[in-house]
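> Okay, here's the prediction I keep looking at, along with the sequence it came from:
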Amino acid sequence: MIIYIAILIILGIALLVLEILILPGLIAGIIGGLFLLAAISWTFRAYGTTAGIWTSAATVFIGVLAIYIGLKTKIWTRFSLKHNMKDSRVNLIDTDVVKEGDEAITISALRPMGTIMIGDLKMEAQSNSELVPGNTRVIVLRVLQNKVVVKAV
């Protein structure tokens, strides 16, 4: 019976440490907490108050120690995202290539957003409050950073 209690405590602490350091969502933490509560209550019932208190204290100590070691060794960094998105950006439209008054053709329907083709460039466009079907000629009204505003010809 001691083996089952020890297994529940080890699994409970492991799940709590995983929840704190790696896994989001509370499910592993809740299951780990339930394992710990079951193991400690089982100890109280099977071995008495003194053994239950010692088991509770040892469980808290080992749990805090495991979290401290996990944070100190930075083992969680092996599972964390290492890519930085500071160099990423939305596709920017070159205002030297696309100008107000240019003609384009819609590739998809603009409801109000869609795709147009200006020369060889495919880009996102927004209609000027109207629905524009596909394969329709449009005129560029405004050029924004990442899209153009158009209206049907």
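Yes, it's here.

> Report pLDDT for the residue nearest the centre of the chain.
Nearest to the geometric centre of the chain sits residue 24, at 9.6 Å (C-alpha atoms, centre = their mean). pLDDT recorded at residue 24 is 79.

> what's the answer for residue 87, then?
Reported pLDDT for residue 87: 60.

> Residue numbering should commence at 121 henceforth.
Yes, from this point I'll number from 121; that puts the last item at residue 207.

> Correct me if wrong: residue 215 contacts residue 263.
Yes: at 5.5 Å, residue 215 counts as touching residue 263 under the criterion of C-beta atoms under 8 Å. C-beta coordinates here come from the backbone N, C-alpha and C atoms, glycine included.

> List the neighbours of the one helix or strand residue 271 maps to that are in contact with it.
In this assignment (DSSP states H and E), residue 271 forms part of strand 268-272. The contact list for strand 268-272 (C-beta atoms under 8 Å, 6 or more residues apart in numbering) reads 213, 218, 224, 230, 236, 238, 243-248, 250, 252, 256-262.

> List the neighbouring strands of that strand plus their orientation.
Strand 268-272 has its sheet partners listed here by DSSP bridges as strand 241-247 (parallel), strand 257-263 (antiparallel).

> Export those strands as a markdown table, with columns for distance to residue 188, mean pLDDT and mean neighbour count.
Formatted as a markdown table, those follow (distance: least, C-beta to C-beta, whole Å; pLDDT from 0 to 100; neighbours: other C-beta atoms under 10 Å):
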| stretch | distance to residue 188 | mean pLDDT | mean neighbour count |
| --- | --- | --- | --- |
| strand 241-247 | 50 | 90 | 18 |
| strand 257-263 | 56 | 93 | 16 |
